[in-house]
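Asker: Any chance you could fold what I've pasted below:
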Amino acid sequence: MKTFKILITLILLPISILSLTVIANSFNKFDWGSVPDWFSFIANACTVLITFIIAKRAKKFLDEKVHSEGLVRGYKLLDTIDEITDSLPSLMMRTIGNDRIIQIASNPDKNYENYILSSAISNAEAIYADTNALLSKLNQVKFMIKRLGRWHIQIKHQQEFNLFIDTCNEFLEHILYVSGHNLELEYTDTTYSTSQARNITPALPVIHTEVENHYEKILALKFKEIFIES
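Answerer: Numbers count the residues shown, from 1 in each chain. Just a heads-up that it's a prediction; the model follows:
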């Protein structure tokens, strides 16, 4: 509304000045120049002024748009981290439980609960696929952080995010190793070490606790404390 009033004023201003010029020229007989020259001068001045105002408004609009889009990317980044973190406990429990079943089912003499090895291996395949999907999502978080600069936004507490990403990546890689080992259990030329896989499994809750601790630090930050204009 304010801009509209300014434009109306600018349109009426040359007409008013031109009218006053004609009246003054009629009464006072001064040589003020021809009416077309005055009209051309006033029109050009108004054009320059209007162009300046429009350019200034356009820049302000663009800055607001870029900033707004940057904040949207920030929201999406935090939501993705939340989604990853929420998926970790169930993934860990599935891995530990399925690894236990595979150990029992692969030893018929002690398989008192009659676990089916082929079913457990299929579960390991599903865990492997889900873990890869989360690793892909974690890589997206890395790229999201890098691209924030494009929108004149940067993360103030970069260290907390880096620690979360690194620890979460380690946790998922461990799960990937265990499920990959269980997938190739029946192959003699497997590249996985059984002893290493057995050592990783009991360590998963410890690493998960570290991931949760780093996530809690991010969660404790208010949105305005995380993102700043670059």
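
Asker: Give me the pLDDT for P202.
Answerer: P202 is assigned 93 on the pLDDT scale.

Asker: And the one 3 residues further on, by the same measure?
Answerer: As predicted, P205 sits at a pLDDT of 96.

Asker: quick one: it from I81, how far?
Answerer: 21 Å (Cβ to Cβ, to the nearest Å). Using the backbone N, CA and C atoms, a C-beta is placed for each residue, glycine as well.

Asker: Who has more neighbours out of those two?
Answerer: Neighbour count, other Cβ atoms under 10 Å: between P205 and I81, I81 has more, with 21 against 12.

Asker: quick one: contacts for that one?
Answerer: Shown in contact with I81 (Cβ atoms under 8 Å, 6 or more residues apart in numbering): 141, 164, 215, 218.

Asker: does the last one sit in a helix, a strand or a coil?
Answerer: In terms of secondary structure, I218 is helix; the call rests on DSSP: H, G, I helix; E, B strand; the rest coil.

Asker: The closest residue in space to it that isn't next to it in sequence and A220, how far apart?
Answerer: Distances taken as Cβ to Cβ, 6 or more residues apart in numbering place E160 nearest to I218, at 5.4 Å, with adjacent residues excluded. Note on E160: its distance to A220, by Cβ to Cβ, is 9 Å.

Asker: same deal with V211?
Answerer: Distance, V211 to A220, by Cβ to Cβ: 15 Å.

Asker: Between those two, which is the more surrounded one?
Answerer: V211 (23 against 9).

Asker: Could you pull out the helices in the chain for me?
Answerer: Secondary structure of the chain (DSSP state H): helices located at 2-28, 35-105, 117-147, 158-183, 194-219, 223-226.

Asker: tell me, which of those is the model least confident about?
Answerer: Taking the mean pLDDT of the helices of the chain, helix 2-28 comes last: a mean of 54.

Asker: got a list of what N123 touches?
Answerer: 94, 98, 101 are the contacts of N123 under Cβ under 8 Å, 6+ apart.

Asker: Closest to S136 out of these?
Answerer: Comparing the contacts of N123 against S136 with Cβ to Cβ places R94 closest, at 18.3 Å.

Asker: and that closest one, what is it in contact with?
Answerer: Applying Cβ under 8 Å, 6+ apart, the residues contacting R94 are 123, 127.

Asker: what's the answer for K110, then?
Answerer: I104.
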